[in-house]
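S.K.: Mind looking at a prediction? Sequence and model below.
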Amino acid sequence: MAVKNWLQAIGDLCFPPHCLCCATPLPWGGGMDLCGECQGKLRPITAPLCPVCGLMYVKSGGGSHPCTLCCRKKYAFDLARAVFCYNDEIGKLIHSLKFSGKKTGLRTMAVLAGKSLLHDLGCPDIIVPVPLHPKKLASRGFNQSLLLAKVFFPDHQDRISHCLVRNRHTRPQTGLKGGERRRNVVGAFAVLEPGVVQGKKICLVDDVFTTGTTVNECAKTLKKAGAASVEVSTLAMVIN
Ligand SMILES: [Zn+2]
Ligand SMILES: [Zn+2]
């Protein structure tokens, strides 16, 4: 057994595993911190969808086709994919990661992401987590997008770059309307060393794609600095 597995087994003994969504006790030694019932409530993103931004057409029985926003070329990124539709269970998983620092959810996310549409994305030259403002990073202690970047690209962790920074503190996007969301993040990001991104294929990583405003602003900033392409991977996408 690898050292990592030993450590996990010891951790499971000291802290018996519970479902991260409903707190049901789980058997020891499982690779997932989600009970069967909660796993069954997850909604993976599947076709039919918008081939550009990855928006899933929940009610349509037809084929995949570009959505209205992508037909009007509204996004600065080239492609986006999410693993799940955002729902209560995914919300709790992300919450456990973001606010209680329960990083045990990461191994669960790794298993889930392994079988997802993230495979549609190209192999990036560099992987860029959506940055937090330094003050937020100091209070939270970690950037959840960086943790997800490691989960999504376990074999390419050396390509993770911190070239994109948030140079302005922004209000949380939650609760803001379209125009307010855009104004809230305009000019919030900057590339520290443009040489790092010039001509590069970039994959941006964030936890949730809500209206795409944040990742779009990041993509604009990266392209302005000379990035050849920007793709986006998120754990969840809000589908209305
Ligand atoms: Zn559960
Ligand atoms: Zn689209």
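M.R.: Looks like it arrived, so ask away. Because the structure is predicted, anything quoted here is derived from the model rather than measured. Residues are numbered from 1 along each chain as shown. Ligands and ions are numbered 1, 2, ... in the order given.

S.K.: What's the separation between Leu42 and Cys70?
M.R.: Taking CB to CB, to the nearest Å as the measure, Leu42 falls 25 Å from Cys70. From N, CA and C alone the C-beta is placed, and that goes for glycine too.

S.K.: near ligand 1, which residues of the chain?
M.R.: 19, 21-22, 24, 35, 38 (CB under 5 Å from the ion).

S.K.: Flag the shaky bits of the protein, pLDDT-wise.
M.R.: Residues of the chain meeting the criterion pLDDT under 70: 1-5, 7-15, 100-103.

S.K.: Show me the strands in it, by range?
M.R.: Using DSSP state E, the strands assigned to the chain run over residues 79-85, 126-129, 164-166, 189-191, 201-209, 229-237.

S.K.: Can you give the strand pairings for the fifth one, parallel or anti for each?
M.R.: In the sheet containing strand 201-209, the strands it pairs with under DSSP bridges are strand 126-129 (parallel), strand 229-237 (parallel).

S.K.: Of those strands, which is nearest Thr211?
M.R.: strand 229-237 (10.2 Å; CB to CB).

S.K.: Need the distance between the two termini of stretch 69-76.
M.R.: 11 Å (CA to CA, to the nearest Å).

S.K.: Close to ligand 2: what parts of this protein are there?
M.R.: Counting by CB under 5 Å from the ion, the residues of the chain close to ligand 2 are 50, 52-53, 55, 67, 70.
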